[in-house]
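>>> structural data only, the sequence is not supplied:
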């Protein structure tokens, strides 16, 4: 998992209260959905597809996939990458073009590849 939506718990409580009051938004009401990091969500999520070039520029609107899931009542609350990209991040401290360079797995790989005297120093991604 790359990122968890900051307001996920607040949204979950609100959706639980709606369900308790007898109101549901659709067949997926309140179900948290893990979206791949290349599927845009028009909220605070950084859907970068693992690219530093897109970091800090959240999309203006939901992708069709996210929009349809929300319409059915689902909560798109986190982003993930593919297993292959995560494995590649562990395999190389300087991942080749096309592999994820953001997220916890990539940061851990870069930290592990650093010389021992540099480990523990702050690093920004």
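Arrived safely. Note that the structure is a prediction, hence the values are computed from the model and not measured.
>>> name the residues of stretch 38-56 that are buried.
Within stretch 38-56, the residues that qualify as buried are 39-43, 45-50, 54, counting by 16 or more other CB atoms under 10 Å. Every residue, glycine included, has its C-beta placed from N, CA and C.
>>> just those residues: which has the poorest pLDDT?
Comparing pLDDT over those singles out residue 50 as the least confident position, at 75.
>>> isn't it right up against residue 36?
No. In this structure, residue 50 sits apart from residue 36 without contact. The criterion is CB atoms under 8 Å, and the distance is 9.9 Å.
>>> how is this structure partitioned into domains?
The record's domain parsing of the chain by automatic domain parsing lists 3-81, 84-125.
>>> where does the chain have its least confident helix or strand?
Counting by mean pLDDT, DSSP states H and E, the chain has its least confident helix or strand at helix 83-91, which shows a mean of 45.
>>> could you pull out the helices in this protein for me?
Under the criterion DSSP state H, the chain carries helices at the ranges 8-20, 64-71, 83-91, 104-113.
>>> show me what the first one is packed up against.
Read it as helix 8-20. Taking 3 or more CB pairs under 8 Å, 6 or more residues apart in numbering; DSSP states H and E as contact, the helices and strands that helix 8-20 lies on are strand 75-80.
>>> run the last query once more with 10 Å
Judged by 3 or more CB pairs under 10 Å, 6 or more residues apart in numbering; DSSP states H and E, the packing partners of helix 8-20 are strand 32-36, strand 75-80.
>>> equivalent analysis for the shortest one, please.
Based on contacts counted as 3+ CB pairs under 10 Å, 6+ apart, the elements that helix 64-71 packs against are strand 32-36, strand 75-80.
>>> dump those strands to JSON lines, plus distance to residue 22, mean neighbour count and mean pLDDT.
What follows is the helices and strands packed on helix 64-71, written out as JSON lines (distance: least, CB to CB, whole Å; neighbours: other CB atoms under 10 Å; pLDDT from 0 to 100):
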{"stretch": "strand 32-36", "distance to residue 22": "21", "mean neighbour count": "16", "mean pLDDT": "87"}
{"stretch": "strand 75-80", "distance to residue 22": "19", "mean neighbour count": "21", "mean pLDDT": "74"}
